[in-house]
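**Q** sequence first, then the predicted structure:
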Amino acid sequence: MGLAAVAEGDRRWWWNRNVIMVLWMMLSVGFCIGLHCHMRTESLRKAEETLTSMCEERARMLQEQFAVSVNHVHALAILVSTFHYQKNPPALDQVTFANYAARTSFERPLLNGVAYAQRVAHAERELFENQQGWMIKTMKREPSPVQDEYAPVIYSQETISYIEALDMMSGEEDRENILRARATGKAVLTRPFRLLESNHLGVVLTFPVYLSGLPADATAEERVKATAGYLGGAFDVESLVENLLHQLAGNQEIVVTVYDVTNTSEPLTMYGVHLPDGHMSLSHASMLDFGDPLRKHQMKCRYRKKPPVSLSSITTPSGIFVICMLVGYIGYAAWSHYDNVKEDFRKMEELKKQAEAADVAKSQFLATVSHEIRTPMNGVLGMLDMLLDTDLNLTQKDYAQTAQVCGRALISLINEVLDRAKIEAGKLEIESVPFDLRSILDDVISLFSAKSREKGIELAVYVSDRVPTILTGDPGRFRQIITNLVGNSVKFTERGHVFVQVHLAEHVKMVIEAKTGLNGHANEANITSATTVFNTLSGLEVANSRNTCESFKMLLSHGASLSCTFGSGSVPESIADKVTLMVSVEDTGIGIPVHAQDRVFTPFMQADSSTSRNYGGTGIGLSISKCLVELMGGKMNFTSRPHVGSTFTFTAVLQKCGKSSGVDTKRSLSEVLPACFRGMRAILVDRQPVRAAVTKYHLRRLGIITEDVRTINEALYTVSGQNGYLNSSQPGKQQPSIFLIEKDSWDSKVDFHIQNQLLQRKEAGHMQDVPKVVLLLTTESEKTRAGSHADNIIVKPLRASTIATCFQQMLGMGKCQNKDIVDNSASLRGMLDGKNILVVDDNKVNLRVAGAALKKYGAKVECVESGKSALSLLQPAHKFDACFMDVQMPEMDGFEATRQIRIMESKANKEAPPEDGSVMAKRHLPILAMTADVIQATYEECAKCGMDGYVSKPFEEAQLYQAVAKFVVPQQITGSS
């Protein structure tokens, strides 16, 4: 029954769809037909308007040309009146008139000719005929019968000379026109007639000629009395209209007919062919005014052909009909596939739920894997921190520090995979915390120290003095970029050097602009025998020719001038707030092939298949680094030359860490340098200026004043006072305590020579104590060259902390500390001393690391391994000041334990009675999460369940005590008040 109802419903919808489709087609057809009729009507209306405009234009022009001709006839009448009647004897005769009329005929192109008829009374007829020598004749050329007056033609144009002596008043119509013309003083037209010569239809224009002295307002009687004669002209109407039509465009489109409609019942056709009414549906009639009020004329215009149907009236409805059909088809198809779409939508919903579940599973998987790896790494790094707090010799400390850095690098590799996932999801964020840039670079150099020593390449770092010590940004991401670039350089470099430089971007720009003014010094090189030695860190050629000794010296010199510039005036606000760093990583490795340089930043792409086979790697690091640089507001680019090397450069916009930020910048340092070497003097022997500047940079960080020389003899002269500190003019100068000698300047002969020279100068009184000699090497295998007289050996890469440890052991200073750090540790001890802190973690190693870190500063730490144990200890009126809670634990995780603790605190706050009328402070135990998860959902869950902070594993001591101090100190102050 149900299936039948569904089938019946389907048939009903199918039938309705067909009906609606048919109705739609009928409406579309009706609409298109109506649109066609409307557009056709509009087309005819426009055609009628065009016909009216054309007809009116032709009528106007015909009137204007006729009026011009009438004016010329009038002017000729005045000429006759002046020269025939006002001159005695008359100055006008037939020859003169004919000649003048012929010469001025171009002014009257519409007239076949003009003639003048004199008014002759019957009493004057005989005398007139005797004077003229001919007899007055009628229009039929017969002697004129007796009548009151006559109008014989005495002057005529050559073209109509045949009318001479004819009486213009012999015809009935002509007589009426002459009488009307002299009474009104205006031109008078005859009815149309066939002209004698051309046989064209025409009319005669009659104009009266008066004697002089006639006033303008004369009466009809006065006009008749003053009439002297009549000037007439024959108009060829057919020629007039034909010439006019030839001058106008569109002559072939319309048919023009001119009528004399004085008698409306019987109009006379003056031009064209008379067509019966209704022959053409479209016509227009325009009245013509030729100056004679008695006679009426009309111009009628019709289209030669019936106006065609406009193309738009056909194409537009057809196009709309096609569109309507397409719309109907689309609607019909959409409706007919409605059920299928619903089914597809249902399937999509299911797939969406599956995808969301897979995404959640992926996030959980990443969180679990991250936690499982980070948890043991937290123990490894924590134990290394505790190991470094013990008394270690130089080698042991270096091994421990290298292991610690390697552990952190492993964590960074884990983060790298997670970062790529975050970048693809658009969820990667940049932190803004204070950090020590130089310390980060030292850590990165230490990470690759073993590899560089194994390969025998120089690995060095230099940071400009203009770069602030503490900056605000994302130290983890910055470290990640540097680690990736340096790692690639070390991996692909077999000889030469890897050199990291950090300068202010505006400082580098000033140096580049200044260097463009040098002539030929950019690539200056010293020629030695058959080998070219470049002024670089290792003496080998580099890809970027600007990274030479000259550029390095200009950076150092411009740094001082730039410092003076900013020190002498106000610093712009943009410079005071932000710092744009220019970081370059230069190597002398194999370089990047030209054909592969365009895909360097493509994820999982390398130069060729042999790259990963020979050197390893996945090709993901550079793409992540480029994305991180762009998130820091900078750009990354590179210069590479095959078999020469590569130079990667990037910029990063960071914030200066002001004193008003409320952050103890000393706590943000990952490594604190001792202050016991401040003011000590040393001499550096190095032939390479760039390498010498790098060594002086690390010594300057320890406060050691260094003078660099190129040879051993120069150093000995400086020590003996011939060129230096024991000169009598400078008695207060301190004697150098240390000699640092590069391997290039050391051999077996120098070993004995320098020791003998120093002893001789001491015995001669040139020095008080013999300076300690320290040899700087690149590889461990070079220690055999040290000889027996070197007090100590430092194997590169150089680090300020490594140099400090070496000098402490060599000079017998013991383990000195920075005074500021001693004071800081004392303040931390005073802050945490006696505080009860509960650490909850199911991993015993993590408990041990966290407990040891907090106990170091005097805190009383109690550790439990489960959330239930923590609940039992945190019942109201407990003794703890803070709690570190692991997130993932068996039985009860950290989230649920925190919720239960907050519920207990809420009940205790409601039930606690006031003491002495005062309101008690609400109980709130600071709880900080300890977890290895780095997923955003973990952060949100921590805040949701009531935790006060977050500490990510693996953590350092600084993280622990800073997190606790944030909550413990305010409670201490509140309680004391």
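**A** Cool, got the structure.
**Q** C-alpha only now, for contacts and for neighbours.
**A** Noted.
**Q** so where is the stretch 851-977 of the chain shaky, pLDDT-wise?
**A** For the stretch 851-977 of the chain, the stretches flagged by pLDDT under 70 are 913-921, 932-939, 953-977.
**Q** hmm, 90 instead?
**A** Applying pLDDT under 90 to the stretch 851-977 of the chain picks out residues 851-860, 865-867, 875-894, 905-926, 928-977.
**Q** can you give me the helices for it?
**A** Counting by DSSP state H, counting those that start in this stretch, the stretch 851-977 of the chain forms helices over residues 867-873, 894-911, 936-945, 957-976, given from the N-terminal end onward.
**Q** for the chain, what's the longest helix?
**A** When the chain is parsed with DSSP state H, its longest helix is helix 2-80.
**Q** I'd like the mean pLDDT over that helix, please.
**A** Model confidence over helix 2-80 averages 80 on the pLDDT scale.
**Q** helices and strands around whichever helix or strand comes after it, which ones?
**A** For helix 2-80, the succeeding helix or strand toward the C-terminus, using DSSP states H and E, is helix 94-103. Using 3 or more CA pairs under 8 Å, 6 or more residues apart in numbering; DSSP states H and E as the contact definition, the elements that helix 94-103 packs against are strand 153-156.
**Q** what lies in contact with the helix or strand following the strand it packs on?
**A** Downstream of strand 153-156, the next assigned helix or strand under DSSP H and E is helix 172-184. Contacting residues not belonging to helix 172-184 are listed as 168-169, 187-190, 206-209, 220-221, 223-224, 227, 230 [CA atoms under 8 Å, 6 or more residues apart in numbering].
**Q** the stretch 701-850 of the chain: helices as residue ranges?
**A** When assigned using DSSP H, counting those that start in this stretch, the helices of the stretch 701-850 of the chain occupy the ranges 712-720, 748-763, 800-811, 819-832, 844-855.
**Q** how many neighbours does the closest residue to residue 858 other than its chain neighbours have?
**A** Distances taken as CA to CA, 6 or more residues apart in numbering put residue 833 closest to residue 858, at 4.1 Å, once the chain neighbours are dropped. Number of residues near residue 833 (other CA atoms under 10 Å) recorded here: 17.
**Q** about what we covered before: in strands, which of the contacts of helix 172-184 fall?
**A** Secondary structure assignment by DSSP state E places 188, 189, 206, 207, 208, 209, 227, 230 of the contacts of helix 172-184 in strands.
**Q** how about residue 302: what's its closest non-neighbour residue?
**A** With CA to CA, 6+ apart as the measure, residue 283 is the residue that lies nearest to residue 302, at 4.6 Å, once sequence neighbours are left out.
**Q** check residue 454 too.
**A** Leaving out its chain neighbours, the residue that sits closest to residue 454 by CA to CA, 6+ apart is residue 779, at 6.6 Å.
**Q** give me the neighbour count for the one you found.
**A** 21.
**Q** likewise for the one 4 residues further on?
**A** With neighbours defined by other CA under 10 Å, the count for residue 783 comes to 16.
**Q** what sits against it?
**A** 777, 793.
**Q** in contact with the residue nearest to residue 858: list those residues for me.
**A** Residue 833 makes contacts with 857, 858, 859, 860, as judged by CA under 8 Å, 6+ apart.
**Q** hmm, back to that, report pLDDT for the residue nearest to residue 302.
**A** Per-residue confidence for residue 283 comes out at a pLDDT of 83.
**Q** is it in contact with residue 50, as I believe?
**A** No - in terms of CA atoms under 8 Å, residue 283 does not count as a neighbour of residue 50; the distance is 10.9 Å.
**Q** give me the more crowded residue out of these two.
**A** Under the neighbour definition other CA under 10 Å, residue 283 and residue 50 were set side by side, and residue 283 has more, 19 against 12.
**Q** look up how far residue 899 lies from the more buried one.
**A** Residue 283 is 98 Å from residue 899, where distance means CA to CA, to the nearest Å.
**Q** for residue 776, same thing?
**A** Between residue 776 and residue 899 the computed distance is 59 Å (CA to CA).
**Q** between the two, which one's more packed in?
**A** Neighbour comparison, residue 776 and residue 899: the larger count goes to residue 776, with 25 against 15 (by other CA under 10 Å).
**Q** which of the helices of the stretch 701-850 of the chain has the lowest mean pLDDT?
**A** helix 819-832 (a mean of 53).
**Q** ok, which pair from the contacts of helix 172-184 is furthest apart?
**A** Greatest spatial distance in these: 190 and 221, 23.0 Å, computed using CA to CA.
**Q** who's more crowded, these two?
**A** Ranked by neighbour count (other CA under 10 Å), residue 190 and residue 221 place residue 190 first, with 18 against 11.
**Q** re earlier: what sits against the residue nearest to residue 302?
**A** Residue 283 is in contact with 48, 51, 300, 301, 302, 303, counting by CA under 8 Å, 6+ apart.
**Q** which non-adjacent residue is nearest the last one?
**A** If I follow you right, that is residue 303. Closest residue to residue 303 apart from its sequence neighbours, by CA to CA, 6+ apart: residue 254 at 4.1 Å.
**Q** surely the one you found touches residue 306?
**A** No - using CA under 8 Å, residue 254 and residue 306 do not qualify as a contacting pair, with a distance of 10.1 Å.
**Q** okay, the two: which has more neighbours?
**A** Neighbours of residue 254 and residue 306, each counted by other CA under 10 Å, are more numerous for residue 254; the result is 15 against 11.
**Q** residues in contact with that one?
**A** Residues near residue 254 by CA under 8 Å, 6+ apart: 51, 301, 302, 303, 304, 305.
**Q** and the contacts of helix 172-184, which is closest to residue 470?
**A** residue 187 (111.5 Å).
**Q** wait, what's in contact with that closest one?
**A** Shown in contact with residue 187 (CA under 8 Å, 6+ apart): 70, 181, 205, 206, 207, 208, 291, 292.
**Q** how about residue 652?
**A** Contacts for residue 652 were tallied using CA under 8 Å, 6+ apart; they are 580, 581, 582, 629, 632, 633, 634, 635.
**Q** can you rerun that using 6 Å?
**A** With contacts defined as CA atoms under 6 Å, 6 or more residues apart in numbering, the neighbours of residue 652 are 580, 581, 632, 633, 634.
**Q** okay, and it sits in which element?
**A** When the helices and strands are read off by DSSP H and E, the one containing residue 652 is strand 645-656.
**Q** can you list the strands that that strand pairs with?
**A** strand 470-473 (antiparallel), strand 578-587 (antiparallel), strand 636-641 (antiparallel) (DSSP bridges).
**Q** in the second one, what's buried?
**A** Buried residues in strand 578-587, defined by neighbour count with 16 or more other CA atoms under 10 Å: 579, 580, 581, 582, 583, 584, 585, 586, 587.
**Q** what do you get for the shortest one?
**A** By neighbour count, and taking 16+ other CA under 10 Å as the criterion, the buried residues in strand 470-473 are 470, 471, 472, 473.
**Q** report the contact partners of the second one.
**A** Read that as residue 471. Contacts of residue 471 were listed using CA under 6 Å, 6+ apart, and they are 434, 435, 655, 656, 657.
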